[in-house]
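Asker: I'll drop the sequence and a predicted model, then ask my questions.
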Amino acid sequence: MDSTRGPELCLLPQQGAAVDVLESEEATVENLANSSPARDWSQLQQDLLIRVFSRLEVPDLVYSGAVCLSWHQSYLAIRRFQLCSREQSPYLVYSSEDRDCNTATLHNVCTSKVYHAPLPDPPFRSRYIIGSSHGWLVTADEFSRLHLLNPVTGAQLALPPPQTIKGVRESFNSDGVLIGHSIDTLSVEYRLVTARSDPSWDHLSFARVGDTKWTWLDAMERCNLYHDFFFHGGDRLFYAIRNNGEVHTIDLNGSSPAVNVVFSALSRINCYTHYILLAPWGDLLQIRRLYGDPPSDDSASDSEQEQSHDELGDSSLGEHEFEEDEEETSRERDSLTVHRVDLAEQKVTEIKDLQDHVIFVGFNKTFMVHTRDFPNLSPNCIYVSDDNSDYIYCHPFKGRFMTRFSLKDAALTDLSFSKSLMDWPPPVWFRPHLT
């Protein structure tokens with residue numbers, strides 16, 4: 001598998017933004033340096049620096065590692081021994097109008113701090129972001145070539161060619177020039193990537209790191225129409241949810257993959273998009289998302305939307321409630337419910353209490369954080385980004401919607417990010433990681 005490595009220290013903070021480098025819970029190294037200008041902070045003991053660095057947000061850690069040689073050595077030790085804090089804030093990753101096409105913007109949802117990360121080719125703005133998990137983005141370029149990309153470190157891994165997926169063929173124009181492949185959605189989980197291909201009715205294929213082709217999963221007839229999945233480290237199984245709410249376990253530990261139905265579908269209605277995750281308190285949760293009505297035919301064109309893009313919002317994270325008489329697009333009328341899945345009793349129960357946690361759904365691996373660790377987030381809410389592939393494909397510049405859905409009263413609140421946020425590639429939730 002090809003590997004392209006970007007700059008080791010490539011993350012740049014937004015101009016004018018403070019970069020917090022914690023020495024304690026209440027003080028920053030920057031503040032300490034200002035209070036004692038004669039002190040040579042490059043001479044701090046490495047064990048102290050490592051203890052400080054291990055508590056930082058990943059973007060701040062990368063920035064701190066560029067201060068001087070001794071700090072860079074501590075940064076490398078953090079990476080080598082995997083000591084970085086696992087309690088990383090959620091970010092929104094997108095392309096900014098005021099940056100070049102090779103730069104990704106990372107917006108911290110909790111603090112509104114913004115970082116700009118230069119990335120290797122192909123240009124970030126030419127990619128389609130298909131998923132995110134464990135600090136990596138899954139992207140497809142304009143020719144459908146697939147990559148894993150770490151937007152913090154710039155590390156990039158080429159995935160097996162799309163045409164090695166069963167049922168996927170290369171597409172050529174009348175002059176015989178490759179224009180792409182027919183491929184729908186990918187997601188990355190643990191050390192494995194899965195692909196679902198349109199010609200094969202969303203059948204599942206998988207590839208491990210180092211593979212040169214995709215492997216067709218044919219352990220049972222219904223290895224298709226999956227919406228979401230996660231890897232359970234306890235039993236080393238993948239849990240996948242289909243379009244009808246049916247839950248499968250996928251075992252890739254043996255010589256041959258094994259698939260079992262652990263929760264049977266309770267309905268033939270397939271109007272929902274389903275997400276699945278394991279809650280910190282042990283419950284298996286299913287999130288159902290119902291998209292609103294599609295936009296009317298007289299809605300503004302993509303070119304008109306692109307011209308008015310600079311009217312999308314403030315320069316910092318903000319929010320407002322939708323008015324009842326406000327004309328809304330389909331994304332603004334989405335509704336969501338959360339259900340506890342009881343595998344033993346084969347039933348689901350709707351819940352509205354997430355025990356002060358927050359869920360993030362979209363193209364990302366579905367994840368949950370506690371508002372105790374991130375108090376600026378709203379408890380018992382779902383933070384939602386656009387992942388309606390049909391809508392995005394047909395209207396790449398129509399406007400993306402990031403919203404917050406309250407389970408308590410079903411209130412839908414718009415989250416406004418930078419006015420320079422571009423609709424392409426589709427913004428995605430992301431939690432940084434250095435692996």
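Answerer: Yep, that arrived. Numbers count the residues shown, from 1 in each chain.

Asker: drop to CA atoms for contacts and neighbour counts, all remaining ones
Answerer: Fine.

Asker: what's around the nearest residue to Ser54 once chain neighbours are set aside, how many residues?
Answerer: Of all residues not flanking Ser54 in the chain, Cys84 sits nearest, at 4.6 Å (CA to CA, 6 or more residues apart in numbering). Using other CA atoms under 10 Å, Cys84 has 24 neighbouring residues.

Asker: wait, Cys84 touches Phe53, no?
Answerer: Yes. If you go by CA atoms under 8 Å, Cys84 and Phe53 touch, sitting 7.3 Å apart.

Asker: now for these two: what residues contact both?
Answerer: Residues touching both Cys84 and Phe53 (CA atoms under 8 Å, 6 or more residues apart in numbering) are Ile78.

Asker: where does this structure dip in pLDDT?
Answerer: Across the chain, residues meeting the criterion (pLDDT under 70) sit at 1-38, 181-202, 268-269, 292-333.

Asker: any chance you could map the helices in it?
Answerer: For the chain, applying DSSP state H gives helices covering 29-35, 46-53, 58-64, 69-80, 302-307, 389-394.

Asker: closest one to His116 among the ones you listed?
Answerer: Smallest distance to His116 across the helices of the chain (CA to CA): 9.8 Å, for helix 58-64.

Asker: how far does that closest one sit from its chain's centre?
Answerer: Here helix 58-64 is found 19 Å from its chain centre; the criterion is CA atoms, centre = their mean, to the nearest Å.

Asker: elements contacting that helix?
Answerer: helix 69-80 (3 or more CA pairs under 8 Å, 6 or more residues apart in numbering; DSSP states H and E).

Asker: and the angle from the helix it packs on to helix 46-53?
Answerer: On the basis of axes from the mean of the first three to the mean of the last three CA atoms, to 10 degrees, helix 69-80 is oriented at 60 degrees to helix 46-53.

Asker: how far away from the center of its chain is helix 69-80?
Answerer: A distance of 27 Å separates the centroid of the chain from that of helix 69-80, by CA atoms, centre = their mean.

Asker: one more: stretch 136-155?
Answerer: Worked out by CA atoms, centre = their mean, stretch 136-155 lies 12 Å from the chain centre.

Asker: my read is that Pro59 contacts Val152, right?
Answerer: Yes. Contact status for Pro59 versus Val152: in contact at 6.7 Å, counting by CA under 8 Å.

Asker: contacting residues around Met220?
Answerer: Neighbours of Met220 in contact, by CA under 8 Å, 6+ apart: Val259.

Asker: next, it: phi, psi?
Answerer: Phi and psi for Met220, reported as degrees, to the nearest 10, are phi -150, psi 170.

Asker: distance of the nearest residue to Asp141 once chain neighbours are set aside from Gly176?
Answerer: Nearest non-adjacent residue to Asp141, counting by CA to CA, 6+ apart: Arg127, 4.4 Å away. Arg127 sits at a distance of 23 Å from Gly176 (criterion: CA to CA, to the nearest Å).

Asker: between the two, who's got more neighbours?
Answerer: Arg127 (22 against 8).

Asker: I'd say the more buried one and Thr139 touch.
Answerer: Yes. The pair Arg127 and Thr139 passes the contact test of CA under 8 Å, sitting 6.0 Å apart.
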